[in-house]
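Engineer: sequence plus the predicted model coming up.
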2 protein chains.
Amino acid sequence: MAYTSPGETRKKIYDFVRDRILGGMPPTTREVQRAFGFRAVQSARQHLEKLVVDGKLAKTGGRSRSYRLPEFGKASPPQLIAMLGRVQAGELTEAMEDPPEYIMVQTRFDGDELFALAVEGESMLHAGILPGDIVIVRRQPTANTGDIVVALVGDEATVKRYRERDGRVELHPENEAFSPIIPREDGAPFSLLGKVIEVRRTVE
Amino acid sequence: MAYTSPGETRKKIYDFVRDRILGGMPPTTREVQRAFGFRAVQSARQHLEKLVVDGKLAKTGGRSRSYRLPEFGKASPPQLIAMLGRVQAGELTEAMEDPPEYIMVQTRFDGDELFALAVEGESMLHAGILPGDIVIVRRQPTANTGDIVVALVGDEATVKRYRERDGRVELHPENEAFSPIIPREDGAPFSLLGKVIEVRRTVE
DNA sequence: TGACATAGCAGACAAATGTCTGTTTTATGG
DNA sequence: CCATAAAACAGACATTTGTCTGCTATGTCA
């Protein structure tokens, strides 16, 4: 292969490896070699190891396809969480669909119990939460004023903004067309399911 | 290894492989063998190939670490995409942060080029897109009326609703406080970067 | 009990893969 | 031009890995 100016091929190799990692299949040393037409494995290996030393890439071990993007090593591992569905007898159950649906999330709160829920209704419109949005919820029994929470009011799971006033819990919609819920006064069975930590919406 | 009832070990192997795939490092045949204490490679291999036949797993090729999760319905292969940042000289560049950030997405559009972008400004407020939200964009040169798109107008990347009227392209905000952009008339260099396919917001 | 499918074992081979030592060629800056 | 660092090459070795053929052991069910 023709000699290139210092750093030129290195950059291309980095891009190549990065794309492969992003595509889900990190290359082997020899795949890099072939992709760049090197006649020696060491040519590819030298570049790869240099990229590791420079902090551009990380290597998880001496095994095959073990080059990774460095920040991904530090970041919390991806986690599959279940999509919950309708409410039945006061308990959230998994959605009816036969193949249970999972959502992949990466959260810094590792070890917390998470679940996902499809939002119904427009009561949180002004908070940028639309019907059909998926909220990712961290299960917790309490909340702070200002948190967006998922609560079980009667048989229905609702997304609302949590507020404590005069020692009373209030659940506020973010839409003038809806009224706040004050659990004790309304008399409906109430329980806090958790706090919304992420909102997702698939467009079209 | 002790003999187990039919399907029992198979299920455990599936869970093991699934977790490894989700963790970003699909196992080799022999890694499965060791993980389950098989004394023969073939034992692991038989289970793996059976899982492929049953449609529980997929294999992309005869190379190492090539077992994958089959595409089930809409959400399948986890994919890391890069967070793009500010605009420089008419081209979107990777964010300034030295270690570029990545986001994990699962899309039914496999093979498409995706990128992510942090939204600035409140021009799409009424579409439920707030400042700080992350939009995930599929790179494409054209769009249909009604699509939410990311376009390069001058030096700035903007999120707007795309509309064609009388053969003219219009970019509409979803907030009365902002005005539509009509590229040709405004004279600013214009190019369509892609279509927004998902919106994400981390709460708190 | 016996047939049959599944689970598991043994051993092997070719190719793929990570790694190594040493040499040659080229770009670059003084 | 020369010294130096980087780029590329050559050849090799030990493992790892995918794959194969043939065999034994066990659970299931009629």
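Structural biologist: Now that the structure is in, tell me what you want to look at.

Engineer: the residue lying closest to residue A:21 once chain neighbours are set aside: what's it in contact with?
Structural biologist: Spatial nearest neighbour of residue A:21, chain neighbours left out: residue A:69 (5.7 Å); criterion: C-beta to C-beta, 6 or more residues apart in numbering or on different chains. C-betas here are computed from N, CA, C, even on glycine. Counting by C-beta atoms under 8 Å, 6 or more residues apart in numbering or on different chains, residue A:69 touches A:18, A:21, A:22, A:57, A:58, B:80, B:102.

Engineer: since we're on the residue nearest to the fifth one when sequence neighbours are not counted, how many residues are nearby?
Structural biologist: If I follow you right, that is residue A:58. Once flanking residues are discounted, residue A:58 sits nearest to residue A:70: 4.2 Å by C-beta to C-beta, 6+ apart. Per other C-beta atoms under 10 Å in any protein chain shown, the neighbour tally for residue A:70 reads 17.

Engineer: so residue A:70 touches residue A:55, yeah?
Structural biologist: Yes: Residue A:70 is in contact with residue A:55 according to C-beta atoms under 8 Å; the separation is 6.1 Å.

Engineer: all helices for chain A, in order.
Structural biologist: A:8-22, A:29-36, A:41-53, A:70-74, A:183-186 (DSSP state H).

Engineer: let's have those in CSV, adding distance to residue B:160 and mean pLDDT.
Structural biologist: Shown next, in CSV, are these (distance: least, C-beta to C-beta, whole Å; pLDDT from 0 to 100):
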stretch, distance to residue B:160, mean pLDDT
helix A:8-22, 27, 90
helix A:29-36, 39, 96
helix A:41-53, 38, 95
helix A:70-74, 31, 63
helix A:183-186, 41, 72
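
Engineer: dump the ones you listed to TSV, plus distance to residue B:123.
Structural biologist: Below are the helices of chain A laid out as TSV (distance: least, C-beta to C-beta, whole Å):
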stretch	distance to residue B:123
helix A:8-22	30
helix A:29-36	42
helix A:41-53	40
helix A:70-74	31
helix A:183-186	37
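
Engineer: give me the neighbour count for residue A:25.
Structural biologist: 18.

Engineer: before we move on, what about the one 10 residues further on?
Structural biologist: When counting by other C-beta under 10 Å, one arrives at 15 neighbours for residue A:35.

Engineer: in contact with it, which residues?
Structural biologist: A:16, A:27.

Engineer: give me the distance between it and residue A:19.
Structural biologist: Distance, residue A:35 to residue A:19, by C-beta to C-beta, to the nearest Å: 11 Å.

Engineer: burial count for the closest residue to residue A:115 other than its chain neighbours?
Structural biologist: Setting aside the residues directly before and after it, residue A:115 is nearest to residue A:84 in space (C-beta to C-beta, 6+ apart), at 5.1 Å. Applying other C-beta under 10 Å, we find 20 residues neighbouring residue A:84.

Engineer: and residue A:84, what pLDDT?
Structural biologist: For residue A:84, the model assigns a pLDDT of 81.

Engineer: gap between it and residue A:123?
Structural biologist: Distance from residue A:84 to residue A:123, by C-beta to C-beta: 19 Å.

Engineer: for chain A, which spans come out with low pLDDT?
Structural biologist: Low-confidence segments of chain A (pLDDT under 70): A:71-78, A:85-101, A:108-111, A:186-188.

Engineer: can we see that at 80?
Structural biologist: Applying pLDDT under 80 to chain A flags the ranges A:1-2, A:5-6, A:22-23, A:71-80, A:82, A:85-102, A:106-112, A:154-156, A:183-189, A:204.

Engineer: DNA strand C contacts on chain A?
Structural biologist: A:3-6, A:28-31, A:41-42, A:45, A:59, A:62-66 (C-beta under 7 Å from any atom of the strand).

Engineer: alongside DNA strand D, which residues does chain A contribute?
Structural biologist: A:1-4, A:6-10, A:38-43, A:46-47, A:50, A:63-64.

Engineer: filter those down to the buried ones.
Structural biologist: A:9, A:10, A:38, A:43, A:47 (16 or more other C-beta atoms under 10 Å in any protein chain shown).

Engineer: dump these to a markdown table, plus distance to residue B:112.
Structural biologist: Output for these, formatted as a markdown table (distance: C-beta to C-beta, whole Å):
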| residue | distance to residue B:112 |
| --- | --- |
| A:9 | 28 |
| A:10 | 28 |
| A:38 | 30 |
| A:43 | 33 |
| A:47 | 29 |
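
Engineer: show me the two of those residues that sit farthest apart.
Structural biologist: A:10 and A:38 (12.8 Å; C-beta to C-beta).

Engineer: with respect to residue B:107, which of the helices of chain A lies nearest?
Structural biologist: Nearest to residue B:107, of the helices of chain A and by C-beta to C-beta, is helix A:8-22 at 12.6 Å.

Engineer: list the buried ones in the closest one?
Structural biologist: Buried-residue list, helix A:8-22, by 16+ other C-beta under 10 Å: A:9, A:10, A:13, A:14, A:16, A:17, A:18, A:20, A:21, A:22.

Engineer: partners of the longest strand that chain A contains, with directions?
Structural biologist: Counting by DSSP state E, the longest strand found in chain A is strand A:190-202. Note on strand A:190-202: by DSSP bridges, its sheet partners are strand A:134-139 (antiparallel), strand A:148-153 (antiparallel), strand B:190-202 (antiparallel).

Engineer: residues in contact with the residue nearest to residue A:58?
Structural biologist: Residue A:70 neighbours (C-beta under 8 Å, 6+ apart): A:55, A:56, A:57, A:58, B:99.

Engineer: surely the residue nearest to residue A:115 and residue A:116 touch.
Structural biologist: Yes: counting by C-beta under 8 Å, residue A:84 does reach residue A:116; the two are 6.7 Å apart.

Engineer: domain-wise, how is chain A divided?
Structural biologist: Domain ranges of chain A: A:8-73, A:79-200, per automatic domain parsing.
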